[in-house]
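Asks: Okay, sequence plus prediction incoming.
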Amino acid sequence: MSFKSNVFLVFVALFLMSPMSFGQSDKLKRLEAQRLQKQKEIKELNALLFSDKKKQQSVVTQVENYNYKISVLQNLIKITNDQANQLTREINANQNEISSLREQLKELKEDYAAMIVKSYKSKSEQSKVMFLLSSENFKQAYKRLQYINQYKDYQKEQAEAIKTKTKTLQELNITLLKQKEQKQKLIEENRKAKQELEGEMKVQEKLMAEIRKSMSKHTAEITKKRQEADRIDKEINRLIKEAIAASNKEAGNSNSTGNFVLTPASKIIAASFEANKGKLGWPVERGVIKSKFGVQRSITDRSVTQNYEGIKIATEQKSQVKAVFNGEVSQVMVIKNANPAIMIRHGNYLTIYLNLSKVYVKKGDKITTGQAIGEVFTNKFTGETLVGFRVYKNDKKLNPEYWLTRN
């Protein structure tokens, strides 16, 4: 064996000994987190929207509830399918790796066996001494001594490589077994989710059939609700502009164009609020987002759309509403034919909490994160307990979901 080929083999042995990781891939971890979040969401909505069968609810409300649950179930099924498919890809890759490892291990053992035989034939110290003494000069003797030592080291490295490769193969086999068990579990969970989805879709279809029997009545109800919501939105937007103008006048600047004039202190609050985007606590202890931000189509009449300026969170009866961040009560909003709302200012950001039955604060109060500021109203006709939540930067509406932490 030449010195060059010996170095090459040592390099190969060291490469084979390099550590390998068999934990879940980042993609699988992300999918698992999403799946668990959807399962938690289904558990919450079952508790908040479907637990009390005796509770009186309008047909429209029931359809909305089932539509929401169906949407979450469909997302859960998709995520679980993606997870199972990713597992299949990783299982196939691991099976290929196992085959490759077995082949490499076989070659390593064959090389090592041949090396042992060769070592045995020339193992006597006398033969090594003779090998050195037969050198033509000192330089050649030194190189031969180096070769003997390198050969010993290589034998040790080769033996260690076999141990490492064997351990790697065992770990990979265990990982593969766990992956197959996990995939089977996901397939079973998806089967149950699909059965539940089919059942909920049948119930929803029955409710929709009931609505279609008196469509004009329900369309009129939906139209009336949309008009009332538009009126409330306009009033809230007017009150926001009014609050900005009053604040700026107090600061000695009445010429601003729809933006808060910030003091050094309020700049710090605004920056802190902005830094907590995606980390803010929810305005209620338990809840699910039943109505999303932006343009949404009516569940019962697809020709009807509405642009929601915030979100609506379904929660438990008599739930307390909590401030999501430190701030100051800018207004307790009393809107005609609507329940009270609270506007809290955080520098040039505003959070608004709507549909309250009780208010615990007043204008000018300093508020801390998580402080109870009111109680949610429960509609006796629809059976719903919904709190509206909105986020604004100056008078520009923002999607509140982007600001709240995952519940």
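Replies: Here it is on my side, so go on. Numbers count the residues shown, from 1 in each chain.
Asks: Every contact and neighbour count from this point should use C-alpha atoms.
Replies: Will do.
Asks: so how far is E384 from A209?
Replies: 22 Å (C-alpha to C-alpha, to the nearest Å).
Asks: Those two: which has the busier surroundings?
Replies: More neighbours surround E384 than the other of A209 and E384, with 22 against 12 (other C-alpha atoms under 10 Å).
Asks: isn't the more buried one right up against T378?
Replies: Yes - with contacts counted by C-alpha atoms under 8 Å, E384 reaches T378, the gap being 5.7 Å.
Asks: For the stretch 1-150 of the chain, which segments are assigned as helices?
Replies: Secondary structure of the stretch 1-150 of the chain (DSSP state H, counting those that start in this stretch): helices at 3-16, 26-49, 59-121, 125-133, 138-213.
Asks: who touches G281 in this structure?
Replies: 324, 370, 404-405 (C-alpha atoms under 8 Å, 6 or more residues apart in numbering).
Asks: for these, which one is nearest E44?
Replies: Top of the list for closeness to E44, among those and by C-alpha to C-alpha, is T405 at 15.8 Å.
Asks: OK, contacts around R345?
Replies: 327-330, 351.
Asks: Name all residues that make contact with the nearest residue to K38 once chain neighbours are set aside.
Replies: Counting by C-alpha to C-alpha, 6 or more residues apart in numbering, K38 lies nearest to L76, which is 5.9 Å off, once chain neighbours are set aside. Going by C-alpha under 8 Å, 6+ apart, L76 touches 35, 38-39, 193.
Asks: can we see that at 10 Å?
Replies: 34-39, 41-42, 70, 82, 189-190, 193-194 (C-alpha atoms under 10 Å, 6 or more residues apart in numbering).
Asks: what's the answer for N326, then?
Replies: With C-alpha under 10 Å, 6+ apart, N326 has these contacts: 269, 272-273, 344-347, 366-371.
Asks: Tell me where the model's unsure across the stretch 301-407 of the chain.
Replies: 301-304, 407 (pLDDT under 70).
Asks: circling back to that earlier point, anything in contact with each of E384 and T378?
Replies: Counting by C-alpha under 10 Å, 6+ apart, the residues touching both E384 and T378 are 315-317.
Asks: which of these tops the neighbour count?
Replies: T315 (26 neighbours).
Asks: Among the contacts of N326, name the buried ones.
Replies: 269, 273, 344-347, 367, 370-371 (16 or more other C-alpha atoms under 10 Å).
Asks: out of these, which one sits closest to A47?
Replies: Distances from A47 to the buried ones among the contacts of N326, taken by C-alpha to C-alpha, are shortest for G370, at 23.1 Å.
Asks: That closest one and I240, how far apart?
Replies: 23 Å.
Asks: what's the answer for E309, then?
Replies: The value you get for E309 to I240, if C-alpha to C-alpha is used, is 13 Å.
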